[in-house]
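Asks: sequence plus predicted model, see below.
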Amino acid sequence: MAENRENQYSGQLSQGTGSREENKGGDSRPAVSGCLEQDSVWLNQKLATDRNFDVVTRTIEVGGREAALYFIDGFCKDDLLQKLLQYFMDMKPEDMPQDASQLLKKGLPYIEVDQEKEWEKITSSVLSGIFVLLVEGYREAVLIDARSYPSRGVEEPEKDKVLRGSKDGFVETVVFNTALIRRRIRDTDLRMEMMSAGKSSKTDIVLCYMDSRVDQGFLEEIKQKIRNIRVDSLTMNQESLAECLVPGRWWNPFPKFKYTERPDTAAAQVLEGNVILLVDNSPSAMILPTTIFDVVEEADDYYFPPLTGTYLRLSRLLINLVALIVLSLPCVFGYNIWSAIQPLGEGSTILDLEDFIVSNMMLPVGSLVYLLFCVTRYGWGFDHYLKEANTGEGVRMPGGVRFYVTFILPVLLFFLTVKGWIR
């Protein structure tokens, strides 16, 4: 049987040997040779299987041929791998296809499969969690996508809650995030393009957009910027990507991107013609392009009638704009036009008055009002406050402090407030 196998693959192995001789002296091998022994030795060295405990390799016999399996422990579905191993081991020699392409068509009962001959893509696939099968005589590796990344549930994000609408949110697994958008946009015009960045991390980046609604020039500009990223890794996920896409501009204080952890908000932005960037290992989506109107937008705006939502957005924008202008006037005119104003006596300035209002009035009076609201029966009540404070894990607030926070602490805050006013 060994002689027949050697004669059967002699032509393929001679071609593979020639390929290896051309690359003699180099560390990389361009393609799978078909000689399982030499290919396994090279891949074992590349993946350092003797030192990486989570890189699992196993040698089996598939249809009378030697084969080797490679996968990352913790990334693959154990029950599915067990079924595939049982299927491969039960395969008879007469049923064994002659190449990887025929194996995918006739001998592999699984949906997400592919074949690859370049070692760089094979090693990247193994490290990303894909199940890799090398078979004696096959000049292409079989890739089986049976990944199952550790992930949390798609619960509503803590910082992006809404009164109405769905209660799900993005997670750290990019495939789950794309599925949440696909669930809301069932249109053939929706595009999900996969790219990567980072020499070591090879972080997956997904561009989500509607092909007929997006600005094609802007889309191509974003793609080109991602292709031109030359960094070792995206350590901070989307923040690192944002720094690479748009360098810092000191003269523009406004946000360059809008982030959301809600799939309904992301889907709405896609339908408006924007581009959504999803980065693996990040539960947030980047929205491009972004205007000042998008920054002041809330998720609840989508669940109101158009007129109501537009009114809330414009009023929110105007209030922020007026507050920004009015509160910055003392800093702008305090030492020039308004320098003659001495509200707190000789030698004082308008900024001293602003500091007095914030530090001596708003902070202590606000603390006193909040404290009285928490401990008196006219407000929240101490029992309800104590129950809320002790919800969850961590240090618990003892009930014995009731007398102190109800009678002593308000007197101290009142004394500090009056003392600040007298000074």
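Replies: Alright, I've got the coordinates. Numbers count the residues shown, from 1 in each chain.
Asks: where does the residue at the greatest distance from the centre of the chain land on pLDDT?
Replies: Distance from the C-alpha centroid of the chain peaks at Glu346, with 56.2 Å (CA atoms, centre = their mean). Looking at Glu346, its pLDDT stands at 85.
Asks: how close does it get to Leu271?
Replies: Note on Glu346: its distance to Leu271, by CB to CB, to the nearest Å, is 62 Å. Glycine gets a C-beta too; all of them are placed from N, C-alpha and C.
Asks: what's the answer for Val279, then?
Replies: Computed as CB to CB, the Val279 to Leu271 distance reads 21 Å.
Asks: quick one: which of these two has more around it?
Replies: Neighbours were counted for Val279 and for Leu271 using other CB atoms under 10 Å; Val279 has more, 25 against 15.
Asks: how about the helices in the stretch 201-350 of the chain?
Replies: Taking DSSP state H, counting those that start in this stretch, the helices of the stretch 201-350 of the chain run over residues 216-227, 238-245, 263-271, 292-295, 306-333, 350-356.
Asks: check contacts around the residue nearest the centre of the chain.
Replies: What sits nearest the mean C-alpha location of the chain, by CA atoms, centre = their mean, is Ser282, with 1.5 Å. Ser282 makes contact with 172, 237-238 under the criterion CB atoms under 8 Å, 6 or more residues apart in numbering.
Asks: now those as JSON lines including neighbour count and distance to Asp73?
Replies: Shown next, in JSON lines, are those (neighbours: other CB atoms under 10 Å; distance: CB to CB, whole Å):
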{"residue": "Glu172", "neighbour count": "17", "distance to Asp73": "19"}
{"residue": "Asn237", "neighbour count": "19", "distance to Asp73": "24"}
{"residue": "Gln238", "neighbour count": "22", "distance to Asp73": "28"}
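Asks: dump those residues to JSON lines, plus pLDDT.
Replies: Shown next, in JSON lines, are those (pLDDT from 0 to 100):
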{"residue": "Glu172", "pLDDT": "90"}
{"residue": "Asn237", "pLDDT": "83"}
{"residue": "Gln238", "pLDDT": "82"}
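Asks: and those, which is closest to Ser367?
Replies: Distance to Ser367 across the contacts of Ser282 (CB to CB) is lowest for Gln238, with 36.5 Å.
Asks: next, the contact list for the closest one, please.
Replies: For Gln238, the contact set (CB under 8 Å, 6+ apart) comprises 259, 277, 279, 282, 284, 286.
Asks: pretty sure the third one is touching Glu172, no?
Replies: No: with contact defined as CB atoms under 8 Å, Val279 and Glu172 do not form a contacting pair (9.7 Å).
Asks: now do the shared contacts for these two.
Replies: Common neighbours of Val279 and Glu172 (CB under 8 Å, 6+ apart) do not exist.
Asks: and stretch 332-344, end to end?
Replies: Counting by CA to CA, to the nearest Å, you get 19 Å between the two ends of stretch 332-344.
Asks: list the buried residues in it.
Replies: Using 16 or more other CB atoms under 10 Å as the test for burial, stretch 332-344 gives 334, 338.
Asks: go on, stretch 146-157?
Replies: 146-147, 149, 154, 157.
Asks: distance between it and the chain's centre?
Replies: With CA atoms, centre = their mean, to the nearest Å as the basis, stretch 146-157 stands 11 Å off its chain's centre.
Asks: what's the mean pLDDT across it?
Replies: The average pLDDT for stretch 146-157 rounds to 81.
Asks: can I get that stretch as CSV, trimmed to CA atoms?
Replies: The C-alpha trace of stretch 146-157 is given here as CSV (Å, rounded to 0.1, in the frame of the first residue of the first chain):
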residue,chain,number,x,y,z
ALA,A,146,-16.0,25.8,12.8
ARG,A,147,-15.1,28.7,15.0
SER,A,148,-16.9,29.5,18.2
TYR,A,149,-15.3,32.6,19.9
PRO,A,150,-16.0,33.2,23.6
SER,A,151,-18.6,35.9,23.7
ARG,A,152,-21.2,37.5,26.0
GLY,A,153,-24.9,38.0,25.3
VAL,A,154,-26.3,40.7,23.1
GLU,A,155,-27.9,42.6,26.0
GLU,A,156,-28.7,46.3,25.8
PRO,A,157,-25.6,48.5,26.2
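Asks: contact partners of it?
Replies: Stretch 146-157 is contacted by residues 74-77, 80-81, 84, 110, 112, 128-131, 162, 166-173, 176, 180, 261-262, 283 when judged by CB under 8 Å, 6+ apart.
Asks: check the gap between the residue nearest to the centre of the chain and Val135 for me.
Replies: Separation of Ser282 from Val135 (CB to CB): 37 Å.
Asks: where in this structure is pLDDT low?
Replies: 1-29, 248-250, 423 (pLDDT under 70).
Asks: what are the boundaries of the strands in it?
Replies: Secondary structure of the chain, counting by DSSP state E: strands at 55-62, 65-72, 113-116, 131-135, 141-144, 190-197, 203-210, 258-260, 275-279, 285-288.
Asks: break this protein into its domains for me.
Replies: Split into domains by automatic domain parsing, the chain comes to 2-144, 174-295, 305-333, 335-422.
Asks: just to revisit the earlier point, can I get the buried residues of stretch 146-157 in CSV including distance to Arg230?
Replies: Output for the buried residues of stretch 146-157, formatted as CSV (distance: CB to CB, whole Å):
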residue, distance to Arg230
Ala146, 33
Arg147, 28
Tyr149, 27
Val154, 34
Pro157, 32
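Asks: ok, the residues you listed vs Met210, which is closest?
Replies: Using CB to CB, the buried residues of stretch 146-157 come closest to Met210 at Val154, 23.1 Å.
Asks: show me what contacts the nearest residue to the closest one once chain neighbours are set aside?
Replies: In this structure, Val154 finds its nearest non-sequential neighbour in Asp168, 4.5 Å apart by CB to CB, 6 or more residues apart in numbering. By CB under 8 Å, 6+ apart, the contact set of Asp168 is 154-156, 180, 263.
Asks: switch to 10 Å and redo it
Replies: By CB atoms under 10 Å, 6 or more residues apart in numbering, the contact list for Asp168 reads 153-157, 180, 183, 261-264.
Asks: now do Thr291
Replies: Listed by CB under 10 Å, 6+ apart, the contact set of Thr291 reads 254, 258, 297.
Asks: by neighbour count, which of those residues wins?
Replies: When neighbours are counted by other CB under 10 Å, Glu297 leads these with 23 neighbours.
Asks: quick one: contacts for the nearest residue to that one once chain neighbours are set aside?
Replies: Counting by CB to CB, 6+ apart, Arg313 is the residue found nearest to Glu297 once chain neighbours are left out, at 5.8 Å. When contacts are counted by CB under 10 Å, 6+ apart, Arg313 touches 293-294, 296-298, 301, 304.
Asks: any idea which of the helices of the stretch 201-350 of the chain gets closest to Ala340?
Replies: With CB to CB as the criterion, Ala340 lies closest to helix 350-356 of those, at 9.8 Å.
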